[in-house]
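Engineer: how does the following fold in three dimensions:
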Amino acid sequence: MARVHAESAASPPAQILLREYLAFRIERFPGGGYRPAPADPSAFVAPLGVFLILTDDNGGEVGCGGVRRIQIPGESGAVCFEIKHLYVRDSARGTGGGGMLLAALEQNARELGATDLVLDTHHSLDAAARLYARAGFAPIAAYNDNPNATVWLRKVLAKS
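Structural biologist: You can find the predicted model right below:
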């Protein structure tokens, strides 16, 4: 059974997946010009964040993603966490792992005190857009100057 577990973003499995993610983005970025900007692994350590690894039914690492606390300029009331580097290997796409990973990132963000989740992405990532829409993310104005992003999304987390 596939599962998600926390792991240091600096660990060898995490670094392998992150390198694959960046290579994937470089290779498939429309028109070239993708500028890799890996997040500092220390941003994914509680209480600032968490990094998760998705494993398949055989225990092999097939995906990753992180959530980190950020401050959005001009906002003072929300406790925002940002989804970063959500990636599932081609071999594991279409199995529900991306949704499982995103749900686990949201749950971890809630446990760390998040009231809002944000992320940036590129309009060419159709599968990612469908995943985020199903999870309740909605378009917002740009909250950063990421040159690789064309879409910014937010999900306000319901109080439990």
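Engineer: ranges for the strands of this structure?
Structural biologist: For the chain, the strands defined by DSSP state E cover 3-6, 49-55, 61-70, 80-88, 116-121, 138-139, 151-156.
Engineer: pLDDT score for Lys159?
Structural biologist: On the pLDDT scale, Lys159 is placed at 68.
Engineer: again with Ala39
Structural biologist: 83.
Engineer: next one: Val118
Structural biologist: Among the per-residue scores, Val118 holds a pLDDT of 97.
Engineer: distance of it from Ser91?
Structural biologist: The gap separating Val118 from Ser91 is 29 Å, by C-beta to C-beta, to the nearest Å. C-beta coordinates here come from the backbone N, C-alpha and C atoms, glycine included.
Engineer: between these two, point out the one with more neighbours.
Structural biologist: Of the pair Val118 and Ser91, Val118 is the one with more neighbours under other C-beta atoms under 10 Å, namely 20 against 10.
Engineer: got the contact list for the more buried one?
Structural biologist: Contacts for Val118 (C-beta atoms under 8 Å, 6 or more residues apart in numbering) come out as 70, 72, 80-83, 140, 143, 152-155.
Engineer: buried among those residues? Make that a PyMOL selection.
Structural biologist: Burial among the contacts of Val118 is assessed by 16 or more other C-beta atoms under 10 Å; the matching PyMOL selection reads:
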select buried, resi 70+80+81+82+83+140+143+152+153+154+155
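Engineer: looking at pLDDT only, which of the contacts of Val118 scores worst?
Structural biologist: Within these, Ile72 has the lowest pLDDT, namely 87.
Engineer: that one contacts Cys80, doesn't it?
Structural biologist: Yes: assessed by C-beta atoms under 8 Å, Ile72 is found in contact with Cys80 at 5.4 Å.
Engineer: what does the longest helix seen in the chain contact?
Structural biologist: When the chain is parsed with DSSP state H, its longest helix is helix 12-28. Helix 12-28 has contacts (C-beta under 8 Å, 6+ apart) with 7-9, 34, 36, 38, 41, 51, 53, 61, 63-64, 85, 87, 89, 124, 148.
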